[in-house]
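Asks: How does the following fold in three dimensions:
(2 chains)
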Protein chains: 2
Amino acid sequence: MAAAAPPPAPTPAPEPATSLPETTPLFTRIRLATLADVPHIHKLIHQMAVFERLTHLFSATESSLAATLFSPTAQPFHSFTLFLLEASPKPFAVSSVDSNPFFTPITKYVNLSIPIEDPERETFKTTDDVTVVGFVLFFPNYSTFLGKPGFYVEDLFVRECYRRKGFGRMLLSAVAKQAVKMEYGRVEWVVLDWNVNAIKFYEEMGADLLNEWRICRLTGEALQAYGGAD
Amino acid sequence: MAAAAPPPAPTPAPEPATSLPETTPLFTRIRLATLADVPHIHKLIHQMAVFERLTHLFSATESSLAATLFSPTAQPFHSFTLFLLEASPKPFAVSSVDSNPFFTPITKYVNLSIPIEDPERETFKTTDDVTVVGFVLFFPNYSTFLGKPGFYVEDLFVRECYRRKGFGRMLLSAVAKQAVKMEYGRVEWVVLDWNVNAIKFYEEMGADLLNEWRICRLTGEALQAYGGAD
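Replies: Here you go, the predicted model:
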């Protein structure tokens, strides 16, 4: 639903199905999501709803995500855009995603002192070695005062066993990099006012909190009524 | 900058240049803005900055607005979209805007008990009889929980002498109608927490206030620094 990083410390999963050996390096890659990623994206969004205790608001299906996020006419960065973060114990081979005309994947080596035990590796693997770690969904917004677009980050999510290792920051940084590259004026998102750890993290990275503004939302029957009235 | 309706009662303008006779009916039209409207749009945004006492943040130019709001590849409602509200003492003639493939203008007759004195009619006229009254700028946003888009209303502005007559509501209603037509899930905007009249107005129309959420903004040098960092 909204930017959820950095989350509180997770309880370790009780029965890890797979664990990476302590000496295995971890390689990461941020790339544009494609239609083939929809099943993983749907599961990630559901996990986010569980984390935010908002499953009663969750009604997205694989087909609704496929139809609305991957419309054939929509161009990345000019419409809804989704970066996936993947991890692998081996370096990423050069693949078809590297020749994407809109975005060259960002690869990085992460030095972890404690190996990650991923109980859901099978569910989230994209190839034998590669596992989906998290995502960020963003789209252009507009500032009339600046007379230029920016990016709004709707969701930032990292799977539980990968949290508190800088992966959320990597995803947000990739969005900021893209904004700078496109000469966009701002990157914006929202945070819950009681999430003091997240607010501290955002302020330390240089973000301003617009404390006076409140979000108004017209939805459901109220939207139908208002949108149907004269 | 952000939704500014309904504003507090304006002080009447001291020297009206033109006044409509009391018996003149007022006809209104909401239509998609075009590149030719940029000079009027720029003046409206500047008036909004003055109203919000934020002229120090105003750096938009006619050319930046033209380049970013009217990109040849952008399709109305799928990117940044601007509705203009115009008024005329005469009914609107059928014109080329009525055959716009994306949006059929909404025309309406308004019965005013007190005539409007418009000191800036010359500045804001589009033809001899037609004057620009205000605008709404909006664009798609996305809810991963719903798995569908919505609209975010970035700006809603009505010129001072036209306020408190339901014109802001007409513009917002046009956005809600379009959302319903496109089966979008939500219409959202922001309001200042001290603007109790606006909050009351929005709550009466059925909108929810998301009181716990705060907007975070990364801009200027902080964005450059973060977007350039690893």
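
Asks: From here on, just use CA atoms for contacts and neighbour counts.
Replies: Will do.

Asks: who's in contact with the residue most central in space within chain A?
Replies: Chain A has A:Val136 as the residue nearest its centroid, 1.8 Å off, counting by CA atoms, centre = their mean. Under the criterion of CA atoms under 8 Å, 6 or more residues apart in numbering or on different chains, the contact partners of A:Val136 comprise A:Leu82, A:Phe83, A:Leu84, A:Val153, A:Glu154, A:Asp155, A:Leu156, A:Phe157, A:Leu171, A:Leu172.

Asks: go on, A:Leu57?
Replies: Residues in contact with A:Leu57 (CA under 8 Å, 6+ apart) are A:Ala49, B:Phe145, B:Leu146.

Asks: If you rank those residues by neighbours, which is first?
Replies: Of all the contacts of A:Leu57, B:Phe145 has the most neighbours under the rule other CA atoms under 10 Å in any protein chain shown, reaching 22 neighbours.

Asks: if we can go back for a sec, just give me how far the helix or strand where the residue nearest to the centre of chain A lies sits from the chain centre.
Replies: For A:Val136, the host element (DSSP states H and E) is strand A:131-143. On the basis of CA atoms, centre = their mean, to the nearest Å, strand A:131-143 sits 5 Å off its chain's mean C-alpha point.

Asks: Which ones among the contacts of A:Leu57 map onto helices?
Replies: Using DSSP state H, the subset of the contacts of A:Leu57 located in helices is A:Ala49.

Asks: Save the contacts of A:Leu57 as JSON lines, and put in distance to B:Ala179 and pLDDT too.
Replies: As requested, the contacts of A:Leu57 are exported to JSON lines (distance: CA to CA, whole Å; pLDDT from 0 to 100):
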{"residue": "A:Ala49", "distance to B:Ala179": "24", "pLDDT": "93"}
{"residue": "B:Phe145", "distance to B:Ala179": "17", "pLDDT": "90"}
{"residue": "B:Leu146", "distance to B:Ala179": "14", "pLDDT": "91"}
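
Asks: wait, which of the contacts of A:Leu57 is closest to B:Phe124?
Replies: Distance to B:Phe124 across the contacts of A:Leu57 (CA to CA) is lowest for B:Leu146, with 40.6 Å.

Asks: check contacts around that closest one.
Replies: The contact partners of B:Leu146, by CA under 8 Å, 6+ apart, come to A:Leu57, A:Phe58, A:Ser59, A:Ala60, B:Gly185.

Asks: Can you give me the distance of it to B:Val38?
Replies: Per CA to CA, to the nearest Å, B:Leu146 is found 35 Å from B:Val38.

Asks: Helix, strand, or coil at the nearest residue to the residue nearest to the centre of chain A once chain neighbours are set aside?
Replies: Residue nearest to A:Val136 in three dimensions, not counting chain neighbours: A:Leu156, with 4.4 Å by CA to CA, 6 or more residues apart in numbering or on different chains. The three-state assignment at A:Leu156 reads strand, by DSSP: H, G, I helix; E, B strand; the rest coil.

Asks: Counting neighbours, which bits of stretch A:155-166 end up buried?
Replies: For stretch A:155-166, the buried set under the neighbour-count rule, 16 or more other CA atoms under 10 Å in any protein chain shown, comprises A:Asp155, A:Leu156, A:Phe157, A:Val158, A:Arg159, A:Glu160, A:Cys161, A:Tyr162, A:Arg163, A:Arg164.

Asks: can you redo the residues you listed as a markdown table with distance to B:Glu204 and pLDDT?
Replies: Converted to a markdown table, these look like this (distance: CA to CA, whole Å; pLDDT from 0 to 100):
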| residue | distance to B:Glu204 | pLDDT |
| --- | --- | --- |
| A:Asp155 | 29 | 95 |
| A:Leu156 | 33 | 95 |
| A:Phe157 | 35 | 95 |
| A:Val158 | 38 | 96 |
| A:Arg159 | 40 | 97 |
| A:Glu160 | 40 | 95 |
| A:Cys161 | 44 | 95 |
| A:Tyr162 | 44 | 95 |
| A:Arg163 | 41 | 92 |
| A:Arg164 | 42 | 89 |
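
Asks: Quick check: the two most widely separated of those?
Replies: It's A:Asp155 and A:Cys161 that sit farthest apart of the buried residues of stretch A:155-166, by CA to CA, at 18.1 Å.

Asks: Number of residues surrounding A:Ala174?
Replies: 23.

Asks: Can you read off the pLDDT for the nearest residue to it once chain neighbours are set aside?
Replies: Distances taken as CA to CA, 6+ apart place B:Gly227 nearest to A:Ala174, at 7.2 Å, with adjacent residues excluded. Each residue has a pLDDT score; the one for B:Gly227 is 85.

Asks: ditto for A:Ala9
Replies: Listed pLDDT for A:Ala9 reads 43.

Asks: quick one: buried residues of stretch A:197-205?
Replies: In terms of neighbour count (16+ other CA under 10 Å), stretch A:197-205 has its buried residues at A:Ala198, A:Ile199, A:Tyr202.

Asks: And A:Glu212, how close does it get to A:Glu183?
Replies: Distance from A:Glu212 to A:Glu183, by CA to CA: 27 Å.

Asks: Correction: the previous question concerned A:Pro149.
Replies: 9 Å.

Asks: of those two, who's got more company?
Replies: Neighbour totals were compared for A:Pro149 and A:Glu183, and A:Pro149 leads with 24 against 13 (other CA under 10 Å).

Asks: so what's the residue lying closest to the more buried one once chain neighbours are set aside scoring on pLDDT?
Replies: Of all residues not flanking A:Pro149 in the chain, A:Tyr142 sits nearest, at 4.2 Å (CA to CA, 6+ apart). The model reports A:Tyr142 with a pLDDT of 96.

Asks: what's near enough to touch A:Tyr142?
Replies: Counting by CA under 8 Å, 6+ apart, A:Tyr142 makes contact with A:Lys148, A:Pro149, A:Gly150, B:Phe80, B:Glu154.
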